[in-house]
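K.L.:
just need the structure, nothing else, for what follows:
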Amino acid sequence: MTFDLVIKNGTIVTAETTYQADLGLTGEAIAAIGRSLSGAREIDATGKWVTPGAIDIHVHMQMPLGGGVVSADDFFSGTRAAAFGGTTTIIDFVEPEPRQPLLEALAARQAEADGRVTIDYGLHMTLAPPDIDKLDQLPDVVAAGCPTFKLYMAYGFRLTDGEILQALTAVRDVAGLPVIHAENWDVICTLIRQNLTAGRTGPPWHPRSRPEALEAEAAGRAIDLAAFVGVPLHIFHVGCQAVVERIVAARARGLPITGETCPQYLLLDDSVYDRPGVEGALPVCAPPIRPQGEQEKMWQALANDHLQIVTTDHCPFVKADKSRGIEANDFSQIPGGVPSIESRFSLLYSYGVRPGRFSANRWVELCCTRPARMFGLKRKGQIAVGYDADLVIFDPEKKVSLSTETLHEQVDWTPYAGLEVTGWPVATLSRGQVLVDHGQFFGEAGQGKFVERRLS
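P.N.:
Numbering: from 1, shown residues only. This is a model prediction of the structure:
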């Protein structure tokens, strides 16, 4: 049998095992795994690894903050950068207007993405205070392929505990999954006021206004509310051991609680905020990057399955936008977010697998397979017959020095400038189509599709 495309002589690396085989692709799917397969087109992967396409379930493309500030990557540039880094599926967010029906908001966000995305995507539905009156609309949202719901304990999206209880109950009743940004907003606002009043206006006071202990308190409160309601809960962007301990304790009680971390919490410490001028503002994100020592604890949490996946919370802002908080002498006005979407997969290999923190199979589990299983991407995240041919040909010895010149994110800085990784994708395929091959992009805007997700 001749396949449309065969990837030959590669080392297949999955979440479960590692072996030598050819992959035969027909149309958009993996059609065969074996030896000596023949294809109308063949790619020689000798000396390379072949993994499932990576999945990033936490990104913010073209996200408006108000005042003309919008995250720098749009759906084209962001998914193009993702493809260069081996990511073949993302999940972004819907943020409904106060009086907007949820299905209308979902359709509007899809309209922004469709025609622009170069890889496949899904969406989480954000539930802000005005949406508590719309909870009866959740069945229709789930039926439309959006079974995950973002809850905030911070910012203007912040829900009270009573509203969180209502939202969790409604999500439970549609067999959905709530995902949460857990911080204690009342404490944060008080500490911000105290610091600004005392003239402490620079970026170093950003992490000091968002203490680990109170982030953990918020995470624990969210876990307790979810346990009371009887619904699973996923906790976003964990960067400190205090939160990990809350997750571990909950899981020890048999509660279906999961958590994630991000590259910035694994590779940077809070000394980045001490850099002069706008340089100290660039890494501002929330929760903040934590003191030295927390990073190794996050690596250990991944190795021990105390945290289950790695995402990016990719939400880049250009230097001019980041400088607004510096010019205003108010660190709380610095737009929060960092770019990581292109480098995540290689960073986790280079600094996770190569030093022996965890295995290559665990790397694939963290970045590819577990995200697909947890978030209802039924045909993705695995190398198996019938699954989408979302694949990465990965050179475990390729060295890349990270910079704005080598990365493709639409932003004029990177938190990883000067960092060298060993291990980088040389080709990325989405549903059988080669998007990236040895540094050349062959994808097109609109090539990606919205994936209707169904939770197990």
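
K.L.:
so what touches stretch 65-72?
P.N.:
The contact list for stretch 65-72, computed with C-beta atoms under 8 Å, 6 or more residues apart in numbering, reads 60-64, 315-318, 321, 324, 335, 337, 339, 409-411. Any C-beta I mention is one placed from the backbone N, CA and C, and that applies to glycine too.

K.L.:
now that stretch: how far from the chain's centre is it?
P.N.:
In terms of C-alpha atoms, centre = their mean, to the nearest Å, the centre of stretch 65-72 is found 20 Å from the chain centre.

K.L.:
sorry, back to before: buried subset of the contacts of stretch 65-72?
P.N.:
Buried residues within the contacts of stretch 65-72, counting neighbours by 16 or more other C-beta atoms under 10 Å: 60-63, 315-318, 321, 324, 335, 337, 339, 409-411.

K.L.:
closest to residue 435 among these?
P.N.:
Relative to residue 435, the closest of the buried ones among the contacts of stretch 65-72 is residue 409; by C-beta to C-beta it sits at 15.9 Å.

K.L.:
I'd like to know how far the closest one sits from residue 337.
P.N.:
12 Å (C-beta to C-beta, to the nearest Å).

K.L.:
give the residues shared as contacts by the two.
P.N.:
314, 316.

K.L.:
what sits up against the lengthiest helix in the chain?
P.N.:
Secondary structure assigned by DSSP state H gives helix 212-229 as the longest helix of the chain. Applying C-beta under 8 Å, 6+ apart, the contact partners of helix 212-229 are 151, 153, 161, 164-165, 168-169, 172, 178, 180, 182-184, 187-188, 232-233, 235, 238, 240-243, 245-247, 250, 253, 255, 257, 287, 290, 294.

K.L.:
let me know the average pLDDT across it.
P.N.:
Helix 212-229 shows a mean pLDDT of 98.

K.L.:
let's see which of the contacts of helix 212-229 end up in helices.
P.N.:
Cross-referencing the contacts of helix 212-229 against helices under DSSP H gives 161, 164-165, 168-169, 172, 187-188, 241-243, 245-247, 250, 294.

K.L.:
most neighbours of all those, which one?
P.N.:
residue 243 (29 neighbours; other C-beta atoms under 10 Å).

K.L.:
any stretches of the stretch 1-150 of the chain with poor pLDDT?
P.N.:
Within the stretch 1-150 of the chain, not a single segment meets pLDDT under 70.

K.L.:
which residues in it form helices?
P.N.:
75-84, 102-113, 138-143 (DSSP state H, counting those that start in this stretch).

K.L.:
could you say which of those is packed most deeply?
P.N.:
helix 75-84 (a mean of 28; mean count of other C-beta atoms under 10 Å).

K.L.:
residues in contact with it?
P.N.:
Here helix 75-84 has contacts from 56, 59, 61-62, 73, 88, 90, 92, 112-113, 116-119, 121, 314, 341-342, 407-410, 425, 428, 430, 435-436, 441, 443, 445, 448, using C-beta under 8 Å, 6+ apart.

K.L.:
out of those, which end up buried?
P.N.:
56, 59, 61-62, 73, 88, 90, 92, 113, 116-119, 121, 314, 341-342, 407-410, 425, 428, 430, 435-436, 441, 443, 445, 448.
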